[in-house]
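> with the input below, show me the fold.
(chains A and B, ligands or ions: 2)
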Amino acid sequence: MQLIQFMQFIMSKFCALMPSSLIRLLGLAGLVSLGGCSGNWGWYVVNPATETGRQNLAFLIDGLYYTIGLSVTAICISICLGLLVALPALSNRRAPKAINRIYVELVRAIPILVLILWVYYGLPQVASLSISVFWAGVLALAISDSAFQAEIFRAGIQSIDRGQYEASHSISLNYRDTMRYVILPQAIKRILPALGNQLVYMLKMSSLVSVIGMQELTRRANELVVTEYRPLEIYTVLVLEYLVVILIVSAGVRWLERRLETN
Amino acid sequence: MNPPATQAFIKVRDVSKYFDKFCALDSVSLDIELGQKLVICGPSGSGKSTLIRCINRLERHEAGEIRIDGIVVDDSPTGSAVLRNNVGMVFQQFNLFPHLTILENLMLGPVRARKMAEADARDLAMHYLERVRIPEQFSKYPAQLSGGQQQRVAIARALCMAPKIMLFDEPTSALDPEMIAEVLDVIEELADSGMTMICVTHEMGFARQVADMMLFMDHGKIVEMGSPKTFFTAPESDRCKLFLSQILRH
Ligand SMILES: Nc1ncnc2c1ncn2[C@@H]1O[C@H](COP(=O)(O)OP(=O)(O)O)[C@@H](O)[C@H]1O
Ligand SMILES: [Mg+2]
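Ligands and ions are numbered 1, 2, ... in the order given. Below you'll find the model as predicted:
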């Protein structure tokens, strides 16, 4: 009984956002995996039929706000940063290419968790500025992801036919206009699926920002586990939360891909 | 073969172009007057494309000099400006912008490079679409058009920049046979209207109609140059004779 109520509560939280087929799939998966061994579970901690259960659930789910806020802000910044880093790679000269390579290789070599710690605890000492948990997380995620974005942009731009540059040249477009009106619109269309995958990656990596105290999904689950001592149930909710968000994003990316194809 | 001493509109002097060690253009000299129609032919790999791409600075030559309207074509501001203001190009593969509609393809240059008002650019674009006889296609995307239509759009796109000279690099080589005529007709009309042009093509019927000078290239050199009449009836070099006999056989 509790289990079904629990599933219903989760569903009602997400219903508006999800395609109905996804809901059915998730519900089924949940019943099959959890129903079989319900004897060991203590669902009361997140039972929406009780006052504390509801409070706990709301506490967990409100972390979405930060997880999504972190990820979306970070990906916007990392896309801009990635594009900036990708452009010198397209040059014929050696120095700009080297700058691109060094940036990409360096940033890719740093683990995200280490970067988060360094930005939050280290940067204020170096630059003597105070940085909020949110912006430290955004900055670390964005820098880390920008190396991948740069590679995606570079590949996308390089996949555009040389004839497009030559045609732009022959109608007197300068470099900026060629990029802005001819090359980038085509390149971005091609890399949109890859950008969508980066957003999924970012949503997952944002869980690491919990270590510096960001009240996102993972941090809230950890805190609730400390007070309630029901790790199994609470982390299961956490898994479902990520699952739902990421399935929605993936579906969105596929929808976008299909729409772009028909155009 | 010696160019006259008068001030030609385009002067190509001893231009050489190397790809690594390979010599694609070997000290080529050439003069084109305003209003002249030059047709270039020659076997594949003889340097025809390289020559007109050097004129348009899509390739950088290592030696020699190209002048348009007396100004040296190079990377300097004046060199780029004289190119921008005078030279249009049509490619074998059309190179239309696939993400833009036909109208947007035509308006991009006038609006962004010439800073023309959108409404004026639209009128200009429609004017040239009518001249290439496809005004009704203005709102479509390039992929929705046939090859012949796409190439006519490419011609209109170049014309929107009001060039004094048009360069054509095998404009019909990528087309299905039944579409070649509609493109050649448009180019012929353009020639009749007085446009200066250099056209690389193997369409010899078209060349006879349009050219007032024929040019045969082989191995990066100009082998034969002359009026269409002497060129087709009494070519001097054996290589040119052989080439013409091969190309005119069918
Ligand atoms: N970008 C390039 N890199 C190396 N070699 C090239 C390049 N472009 C052309 N070539 C060579 O230069 C020669 C002349 O090429 P091209 O002018 O395109 O010939 P055509 O247009 O007469 O067929 C060819 O042998 C070709 O292989
Ligand atoms: Mg060629």
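
> hmm, A:I246 is touching A:L203, no?
Yes: contact status for A:I246 versus A:L203: in contact at 5.9 Å, counting by CB atoms under 8 Å. (Glycine included, C-beta is placed from N, CA and C.)

> the residue nearest the centre of chain B: helix or strand, and which one exactly?
Closest residue to the average C-alpha location of chain B: B:L167 at 1.7 Å, with CA atoms, centre = their mean. Using DSSP states H and E, B:L167 falls within strand B:165-169.

> check which helices and strands that strand sits against.
Helices and strands in packing contact with strand B:165-169 are listed as helix B:48-55, strand B:87-90, helix B:147-159, strand B:196-200; criterion 3 or more CB pairs under 8 Å, 6 or more residues apart in numbering or on different chains; DSSP states H and E.

> swap in 10 Å and give it another go.
Packing partners of strand B:165-169 (3 or more CB pairs under 10 Å, 6 or more residues apart in numbering or on different chains; DSSP states H and E): strand B:37-41, helix B:48-55, strand B:87-90, helix B:147-159, helix B:177-192, strand B:196-200.

> out of the ones you listed, flag the one nearest B:A211.
Ranking those by distance to B:A211, with CB to CB as the measure, places strand B:37-41 first at 4.0 Å.

> what's the angle between the closest one and helix B:48-55?
140 degrees (axes from the mean of the first three to the mean of the last three CA atoms, to 10 degrees).

> okay, strand B:37-41 in PDB with CA atoms only?
Taking only C-alpha atoms (Å, rounded to 0.1, in the frame of the first residue of the first chain), the coordinates of strand B:37-41 have been written out as PDB:
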ATOM      1  CA  LYS B  37      34.300  36.900 -72.200                       C
ATOM      2  CA  LEU B  38      37.100  34.400 -71.700                       C
ATOM      3  CA  VAL B  39      36.500  30.700 -71.700                       C
ATOM      4  CA  ILE B  40      39.200  28.400 -70.300                       C
ATOM      5  CA  CYS B  41      39.400  24.800 -71.000                       C
END
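
> contacting residues for A:L173?
For A:L173, the set of contacting residues under the criterion of CB atoms under 10 Å, 6 or more residues apart in numbering or on different chains consists of A:165, A:167, A:179-182, B:84, B:108-109, B:112-113.

> is ligand 1 contacted by stretch A:82-93?
No: Stretch A:82-93 stays out of contact with ligand 1 when judged by CB under 6 Å from any ligand atom, the minimum separation being 12.8 Å.

> same question, stretch B:85-101
No: for stretch B:85-101, no contact with ligand 1 is found by CB under 6 Å from any ligand atom; the gap never falls below 8.9 Å.

> what comes up buried for that stretch?
Of all the residues in stretch B:85-101, those buried under the rule 16 or more other CB atoms under 10 Å in any protein chain shown are B:86-101.

> of all the residues you listed, which comes closest to ligand 1?
Set against ligand 1, the nearest of the buried residues of stretch B:85-101 by CB to the nearest ligand atom is B:Q92 (8.9 Å).

> could you verify my assumption that the closest one touches B:S49?
Yes: the criterion here is CB atoms under 10 Å, and B:Q92 meets it with B:S49 at 8.2 Å.

> below-threshold pLDDT in chain B: ranges please.
For chain B, the stretches with pLDDT under 70 are B:1-6, B:250.

> ok, the residue of it found nearest chain A - contacts?
Among residues of chain B, the one nearest chain A by CB to the nearest CB turns out to be B:G109. It sits 3.3 Å away. B:G109 is in contact with A:167-168, A:170-173, A:177, B:84, B:88, B:116, B:121, B:124-125, B:157-158, B:160-162, counting by CB under 10 Å, 6+ apart.

> what subset of these is buried?
Using 16+ other CB under 10 Å, the buried ones in the contacts of B:G109 are A:167-168, A:170-173, A:177, B:84, B:88, B:116, B:121, B:124-125, B:157-158, B:160-161.

> what residues are up against the residue nearest to the centre of chain B?
Applying CB under 10 Å, 6+ apart to B:L167 gives the contacts A:170, B:38, B:49, B:51-53, B:55-56, B:58, B:87-91, B:158, B:196-200.
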